[in-house]
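Q: 3D, please:
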Amino acid sequence: MAVSGTERDGINIDGFLNNSFGSSGLGSPDREDFTRLLTVPFSGRIKGGMRPGKKIIVMGIVDPEPESFDISLTCGDTDDSRADVAIELSARFPDKQFLRKACVSGEWSAEETPIPYFPFIQDQPFRIEIHCEHQRFRIFVDGHQLFDFFHRVESLPSIDTIKINGSLQITKLG
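A: Modelled structure (predicted):
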C-alpha cells in the first residue's frame, strides 16, 4: 500500500498523525484530544526523520507574561544528556534574544545570537518554520527568514524528535 507524503512526513503524537495543514488520510482525534496532545512540555516523533526539502511548522501563542520557550530537534526521544540535539531554538524574552545551538556527542556548541529583530510578542500568535536543506536549517518566523543554522548532526534521518517547552501554547504542528 502506498503511503502519502503527508502520512510519511507528519509528526506522530501518541499514535495520532498530527498534520493540521491538510488531510492525512488517517483518523483524527477530536478537538479535545488535540488540546491534550499539544500541551507543553511536548514531545513528538518526526516520521522518517529529517531530510533536505522537509520542513517542520510550529504555530502557537506566546504566553501573556513569557520568560522563554525552546524548540529542539533531537535524535531520539530521550532525556539522556549525551543524546544529539540537531538544533535548539531558545526565545528569551527579557533579553529579546532568539538563540540557537546544537549538542553532538555530549558537547554543546557555542550559542549563536545575531538576529535582525526579535520576532515574538507576548500574548500574540506566531508561526515558526524550520526548513531542512542539504547543509543547514533555514528558520522563518511569520514568513520572514530570520537566520540559517548549519548542520552539526550529519545523519539527517536520525533527527526524529521535536521537543517544545516554555512560555507558549502550541496551536498546530506540521
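
Q: ok, which stretches of the protein are strands?
A: 11-13, 16-18, 42-46, 55-62, 68-74, 85-92, 97-104, 107-108, 125-132, 136-141, 144-150, 161-166, 168-173 (DSSP state E).

Q: So which of the ones you listed is nearest F118?
A: F118 lies closest, by CB to CB, to one member of the strands of the chain: strand 97-104, at 6.4 Å. Backbone N, C-alpha and C define where each C-beta goes, glycine included.

Q: Check which residues of the closest one are buried.
A: The neighbour-count check on strand 97-104 (16 or more other CB atoms under 10 Å) flags 98-104 as buried.

Q: Would you tell me which one of those comes nearest to Q122?
A: Of those, the one sitting nearest to Q122 (CB to CB) turns out to be F98, at 14.6 Å.

Q: partners of that closest one in the sheet?
A: Using DSSP bridges, the bridge partners assigned to F98 are A91.

Q: K172: neighbour count?
A: K172: 15 surrounding residues under other CB atoms under 10 Å.

Q: hang on, the earlier thing: redo the strands of the chain as a markdown table? Include mean pLDDT and distance to F118.
A: Formatted as a markdown table, the strands of the chain follow (pLDDT from 0 to 100; distance: least, CB to CB, whole Å):
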| stretch | mean pLDDT | distance to F118 |
| --- | --- | --- |
| strand 11-13 | 59 | 26 |
| strand 16-18 | 40 | 28 |
| strand 42-46 | 94 | 23 |
| strand 55-62 | 97 | 11 |
| strand 68-74 | 97 | 12 |
| strand 85-92 | 98 | 8 |
| strand 97-104 | 96 | 6 |
| strand 107-108 | 94 | 23 |
| strand 125-132 | 98 | 11 |
| strand 136-141 | 98 | 10 |
| strand 144-150 | 97 | 10 |
| strand 161-166 | 96 | 15 |
| strand 168-173 | 96 | 15 |
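
Q: could you redo the ones you listed as JSON lines and give each row distance to I115?
A: Listed next are those as JSON lines, based on distance: least, CB to CB, whole Å:
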{"stretch": "strand 11-13", "distance to I115": "26"}
{"stretch": "strand 16-18", "distance to I115": "28"}
{"stretch": "strand 42-46", "distance to I115": "24"}
{"stretch": "strand 55-62", "distance to I115": "16"}
{"stretch": "strand 68-74", "distance to I115": "15"}
{"stretch": "strand 85-92", "distance to I115": "10"}
{"stretch": "strand 97-104", "distance to I115": "5"}
{"stretch": "strand 107-108", "distance to I115": "19"}
{"stretch": "strand 125-132", "distance to I115": "13"}
{"stretch": "strand 136-141", "distance to I115": "9"}
{"stretch": "strand 144-150", "distance to I115": "6"}
{"stretch": "strand 161-166", "distance to I115": "18"}
{"stretch": "strand 168-173", "distance to I115": "18"}
